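Chemist: Pasting the sequence and the predicted model now:
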Amino acid sequence: MPQEITVGSHVWVEDQELAWVDGVVTSVNGNEAEVETINGNQVTTKLSKLYPKDMEAPDTGVDDMTKLSYLHEPAVLHNLATRYGIKEIYTYCGNILIAINPFQAISHLYDTELMDSYKGAQLGDRSPHVFAITDVAYRAMNNEGKSNSILVSGESGAGKTETTKMIMRYLAYLGGHAAAEARTVERKVLESNPVLEAFGNAKTVRNNNSSRFGKFVEIQFDACGQISGAAIRTYLLEKSRVCQISEPERNYHCFYLLCAAPPKEIEKYKLGDPKSFHYLNQSSCYELVGVDDSHDYLATKKAMDIVGISVEEQDAIFRIVAAILHLGNIAFALEGEDSSVLEDDKAKFHLQVTAELLMCDLEALETALCKRNMVTPEEVIKRSLDPLGAAISRDGLAKTIYARLFDWLVKKINVSIGQDPDSKCLIGVLDIYGFESFKTSSFEQFCINFTNEKLQQHFNQHVFKMEQSVYQEEEIDWSYIDFVDNQDVLDLIEKKPGGIISLLDETCMFPKSTHETFAQKLYQTFKDHKRFVKPKLARTEFTIVHYAGEVQYQCDQFLDKNKDYIVPEHQELLSTSKCSFIASLFPSLNAETPKSGKFSSIGSRFKLQLQQLMDILNSTEPHYIRCIKPNSDLRPEIFENVSVLQQLRSGGVLEAIRVKCEGYPTNRIFSEFLERFSILVPEVLKENVEENVACKSIMEKVGLSNYQIGKTKIFLRAGQMAELDGRKAKLLGESAKVIQKQVRSRIARKCYVRIQTASICIQTVLRGQLACESLKFRKRTAAAVKIQKSARRKSASRKYTNIKSSAIVVQTGIRAMVARNEFRSKMQNHSATIQAATEEEEKDSGKEEEDIGKEEKDNGKEEKDVGKEEKDVGKEEKDVGKEEKDSGKEVEEPEDKEPEKQPTVEVQEKEELPDPPVAVLEQNKPDKTYVSPDKEQEVTEESNEPYHIVEEISSPIQDVLTAEELPSEVEQLKVLLIGEKKRADEYQKKHAEAQELSEQRRKKLEETEKKVHQLQESLNRLHQVQNQPLHPLLELITLIIRTTLMLHQLAQILHFQLQVVIQPTTLVPVLKLPRCMLKMLQPLKLQVLRTVIRRGHLMTTSDGSLCFCFILSIDDRYKHNFSRELQCRHAKHNPNSYT
């Protein structure tokens, strides 16, 4: 294929993941080129494996691939992927429609309004659609009076069945009766689909609703174009699926529908979970996503009603389906050497149920499964079967029953629909499985691929015929074009004698033949055939090179699957069934037609049916629809290039393109060709010549000869369009360089002129700005002189004002400090008075204790020990007394001393001494110790003494100075300004310190006032409590409190963490327990170690009163007894008080 590929060309290159990927040629070296793909990869490949990419193709693709400039494999694949991405699932390839399964519902794609829009439209006027192909076939039948056919093909899951439904629906819309009866022909045709799907479709690896049979529907029309009858022909039902399925497939739908039937019917047929049946549990798949088997069961029965199957016949049909399930559960065990019996009671149960459902004799059924009759000239001998032979017999019976049932359904539907003997025109719709190649391909795949080879030959002939008609219309020479044919493959399969089917039938007629002998016969017969390949080290396998690729077949079961006979025992058993429906499926041997004596096989019978089908198709005008499955996951909006490309190859689409490429695959009308390629020879347009002459001139001047000129189009051989585009691209590249040079020169000149003009303008503006700035500078200098003069005057005035204000603040602070000192000295006098009163009270208490001590001297040795302890305590009291006297002396010091030489107690009081009680202050009102803030202010004002303030000496400021006096005056002002700044800073610091000291003293004064109020309240409550009897424990606490030296030194009592809160009445300098309390503690043997005064602190309760917390160390062993004893003693001395 000659083509021009240069550096910079956009091409398609092979890719393992994407099949084909586009890129740009970066270098060419001889016969190889290096390509940079859009993925960023660098690929080196031969030029012959590169295909040019059409850069002028529309972004949305083309609806007819014959419009592609380059009709090759990557262009076709890219166009389909582009259209699928925008949800355009239909695309033409000439008269062939390619339909890609969207795996989702597309709105308004099949509604009645769309049907009406395609009615009567010419092919190509509207977008590609299955309705368009069907409408063309219908109009051709009406206008020309010739039968048409629509061939739908594709692999499992590609959407063939759904496309066939749409065709039949559109035909029913076109040829339906105006006054529809209750059961019109078209409705029966449509409702036959659910019935045939239930008994002929199953889930496979590739499709959840795969048709396991071929179907050709003949829809007959009368002279008015209305449907008058129909007939359904089926081909090659997959009987082996009834007994054998693989993961993750399912058996035929009808078995699962019946297991999901209403409970009454399940009980009637004695069914249950599908997992309990051998024919269904070979795979773990029992349900389909999005499918309700119970709903489909009712829909199938409704469809049976419409197609004319009575209720009795429906009951018999489902009895047979249930019997097949029970038949599969009959298991066999070995008895003796080579005979078999039922394995267990479960097998006997299923045997009995099978006999009841088939309405035949139980023993006869068991005998038919486990034994065989051997007919000899003398007698009939019964031979027992081993368990394996019995299982094969059982499966054979199940397959035979199901095949006879399916054939009966097809015949019943045909009879119900009815055929029109007077009809002369029909439209046939062929729905047949596409090309199949599995890991294990057996006899079914062999027959399917044989069918596709036949259809591909018919397709090639049709495409070539279409091409011939176009060439004849345009009056171009086509006599030398070769026809692509696959007759050699067909001869390999069906030729008589010597074909594979003939050899298979011949092998089946010999009883001792095996699959190995059949394989060896194939190896010997076709060892030199180019389409037959013997795999290495293979004994029972062979490979055929089909049009879509190589397929390797395993012939292990070819012999068994090719034999088309029924076991006489099975025939006799079922022909005697009490169920008339079952008996009609198996007429007696005497009632059957006499045998011709020739061996009949599945292969031969299928070849005959296929030939009849081809005769029908050859008598009709065919239309082709190729269905494509975009991905193997059955998910929407996913397009797998590799999978689609393989289907295009196996579906014959690329083969059709190859057929077109053998002729003139590219054609353009003259005007389009001139518009695209006149740039190669511009002078042609200047000449006043016809379009065909101009096109011929272009081809001659560029030196291309593989073309022909028709009436309205120019026809190009493969590769000529690429050659023209390559030369056009080269010419445009060279022209682009010249244009770019001129454009760059013009742009540079414009840029230079623009820069020159701009620079002149900028210089003019800058000069003006410099002049303006100079003028502004002179004005600002003059203004600055005036501002400085005013600023100096204002600064001097501000400094004077600040100094005056600071002096007033300092004077105020000093007066306040003097007043506070006076107030503090008065407070000290009050504290001394309180301490004196406390000492007198302590003396009285000491006398009482001495009297009590005298009374207790006679209590024995134990009281003497207590006395010793009291002496120790007395020593401590004396020590504390000495300290108190020392503190009293310090209090009596004269008050007229300096504040810095006051006693140490005064310093402590200054830091944390509580305020004096309010009651004491009230007793000493004439002293006026407490002064309110208002009073303090009055005293401060009265004590103010006049301060000497330096008067300001003002002198007139001369505004105008002579030139000689100005420098000296400036120097004097600078010295004066520096001195004033220093003095101002010093005054400001002093002022800040005075304010801070004043604030601290004010806060301490407020705290003192609050503490005075709190002490007053505490003393008031203490006076109220003194008149009431105290608990002994409270008396003990009161005595301990009196031992504290100062209010801020308190004690803690009782190691078991008892916290006591009291109001003190007096202050005792030492700890001194009364004799009565010591007497209370002595009988309890309480070890009074010592009163530990530690970490005492003053606390404020929630009600605002003051309290003291302290701890008394007592042995833990006597806590309980001590508490009880205190209660008893207290009750004895105070019988009227509470405990």
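Modeler: Received the coordinates, thanks.
Chemist: For residue 203, grab the count of nearby residues.
Modeler: Neighbour count for residue 203, taken as other C-beta atoms under 10 Å: 22. Heads up, the C-betas are built off the backbone N, CA and C, glycines and all.
Chemist: Put the alpha carbons of stretch 64-82 into CSV.
Modeler: Below are the C-alpha coordinates for stretch 64-82, written out as CSV (Å, rounded to 0.1, in the frame of the first residue of the first chain):
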residue,chain,number,x,y,z
ASP,A,64,-20.9,6.1,7.8
MET,A,65,-17.4,4.7,7.8
THR,A,66,-17.2,4.7,4.0
LYS,A,67,-16.9,8.5,4.4
LEU,A,68,-13.5,8.0,6.1
SER,A,69,-10.6,9.2,4.1
TYR,A,70,-8.6,6.2,5.3
LEU,A,71,-10.6,3.0,5.4
HIS,A,72,-8.4,0.8,7.5
GLU,A,73,-8.6,-1.0,10.8
PRO,A,74,-7.4,1.7,13.3
ALA,A,75,-9.6,4.4,11.6
VAL,A,76,-12.7,2.2,11.9
LEU,A,77,-11.9,1.4,15.6
HIS,A,78,-11.3,5.0,16.5
ASN,A,79,-14.5,6.1,14.7
LEU,A,80,-16.6,3.6,16.7
ALA,A,81,-15.0,4.5,20.0
THR,A,82,-15.6,8.2,19.3
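Chemist: starting at the chain centroid, how far to that stretch?
Modeler: 35 Å (C-alpha atoms, centre = their mean, to the nearest Å).
Chemist: Double-check that residue 428 belongs to a strand.
Modeler: Yes: per DSSP: H, G, I helix; E, B strand; the rest coil, residue 428 lies within a strand segment.
Chemist: Chain neighbours aside, what residue packs nearest to it?
Modeler: Nearest non-adjacent residue to residue 428, counting by C-beta to C-beta, 6 or more residues apart in numbering: residue 149, 4.0 Å away.
Chemist: Equivalent analysis for residue 334, please.
Modeler: Once flanking residues are discounted, residue 334 sits nearest to residue 387: 5.4 Å by C-beta to C-beta, 6+ apart.
Chemist: would you say the residue nearest to residue 428 is within a strand?
Modeler: Yes: when three-state DSSP is applied, residue 149 is found to be in a strand.
Chemist: burial of the residue nearest to residue 334, as a residue count?
Modeler: 18.
Chemist: what do you get for residue 991?
Modeler: Residue 991: 18 neighbours (other C-beta under 10 Å).
Chemist: what's the helix or strand for it?
Modeler: Applying DSSP states H and E as the criterion places residue 991 in helix 966-1026.
Chemist: Return the residues in contact with residue 262.
Modeler: By C-beta atoms under 8 Å, 6 or more residues apart in numbering, the residues touching residue 262 are residue 294.
Chemist: got it, and residue 80?
Modeler: Contacts for residue 80 were tallied using C-beta under 8 Å, 6+ apart; they are 61, 91, 98, 100, 628, 639, 644.
Chemist: would CSV of those residues with neighbour count be doable?
Modeler: Shown next, in CSV, are the contacts of residue 80 (neighbours: other C-beta atoms under 10 Å):
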residue, neighbour count
61, 20
91, 25
98, 26
100, 24
628, 24
639, 16
644, 22
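Chemist: Name the nearest of the residues you listed relative to residue 785.
Modeler: Proximity of those to residue 785, judged by C-beta to C-beta, is greatest for residue 61, which lies at 85.1 Å.
Chemist: That closest one - that's part of a helix, no?
Modeler: No: assignment of residue 61 by three-state DSSP gives coil, placing it outside any helix.
Chemist: what's the pLDDT at it?
Modeler: pLDDT, residue 61: 91.
Chemist: How far off centre is the helix holding residue 991?
Modeler: Distance, stretch centre to chain centre, for helix 966-1026: 72 Å (C-alpha atoms, centre = their mean).
Chemist: mean confidence score for it?
Modeler: For helix 966-1026, mean pLDDT is 80.
Chemist: cool, and stretch 202-212?
Modeler: 86.
Chemist: That stretch: end-to-end distance?
Modeler: Criterion C-alpha to C-alpha, to the nearest Å; first-to-last residue distance in stretch 202-212 is 7 Å.
Chemist: Which positions within that stretch qualify as buried?
Modeler: By neighbour count on 16 or more other C-beta atoms under 10 Å, the buried set for stretch 202-212 is 202-204, 206-212.
Chemist: for the stretch 451-600 of the chain, what spans make up the helices?
Modeler: With DSSP state H, counting those that start in this stretch, the ranges of helices along the stretch 451-600 of the chain come out as 487-494, 500-508, 515-525, 558-562, 568-575, 580-585.
Chemist: before we move on, what about the stretch 251-400 of the chain?
Modeler: Remark: helices assigned in the stretch 251-400 of the chain by DSSP H, counting those that start in this stretch are 253-259, 263-269, 293-306, 311-328, 345-358, 362-370, 387-417.
Chemist: helices and strands around the second one, which ones?
Modeler: In this case it means helix 263-269. Helices and strands touching helix 263-269, as assessed by 3 or more C-beta pairs under 8 Å, 6 or more residues apart in numbering; DSSP states H and E, comprise helix 253-259, helix 311-328.
Chemist: likewise the last one?
Modeler: Packed against helix 387-417, as judged by 3+ C-beta pairs under 8 Å, 6+ apart, are the following elements: helix 185-200, strand 227-235, helix 311-328, strand 332-335, strand 339-342, helix 362-370, helix 568-575, helix 580-585.
Chemist: Please render those as a markdown table that adds mean neighbour count to the earlier fields.
Modeler: As requested, the helices and strands packed on helix 387-417 are exported to a markdown table (neighbours: other C-beta under 10 Å):
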| stretch | mean neighbour count |
| --- | --- |
| helix 185-200 | 22 |
| strand 227-235 | 21 |
| helix 311-328 | 20 |
| strand 332-335 | 16 |
| strand 339-342 | 19 |
| helix 362-370 | 19 |
| helix 568-575 | 19 |
| helix 580-585 | 16 |
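Chemist: Just give me how far the strand ranked longest in the chain sits from the chain centre.
Modeler: Scanning the chain for the strand with the most residues, using DSSP state E, yields strand 19-29. On the basis of C-alpha atoms, centre = their mean, strand 19-29 sits 37 Å off its chain's mean C-alpha point.
Chemist: and after that strand, which helix or strand comes next?
Modeler: Per DSSP H and E, the first helix or strand lying C-terminal to strand 19-29 is strand 32-37.
Chemist: Low-confidence ranges, the chain, go.
Modeler: 1-4, 177-183, 479-484, 589-599, 659-661, 846, 848-849, 851-967, 1022-1139 (pLDDT under 70).
Chemist: domain parsing for it?
Modeler: Residue ranges for each domain of the chain read 1-47, 54-444+614-661, 664-716, as given by automatic domain parsing.
Chemist: re earlier: would you mind finding the most buried of the helices of the stretch 251-400 of the chain?
Modeler: Of the helices of the stretch 251-400 of the chain, the one with the most neighbours on average (mean count of other C-beta atoms under 10 Å) is helix 253-259, at a mean of 24.
Chemist: Off-centre distance for that one?
Modeler: Using C-alpha atoms, centre = their mean, the offset of helix 253-259 from its chain centre is 36 Å.
Chemist: Near residue 282, how many other residues are there?
Modeler: Residue 282 has 16 neighbours, counted by other C-beta under 10 Å.
Chemist: Look up phi and psi at the closest residue in space to it that isn't next to it in sequence.
Modeler: Among residues not flanking residue 282 along the chain, residue 245 sits closest, at 5.1 Å (C-beta to C-beta, 6+ apart). Per-residue torsions, residue 245: phi -130, psi 160 (degrees, to the nearest 10).
Chemist: and residue 245, what does it touch?
Modeler: By C-beta under 8 Å, 6+ apart, the contact set of residue 245 is 202, 251, 279, 282-283.
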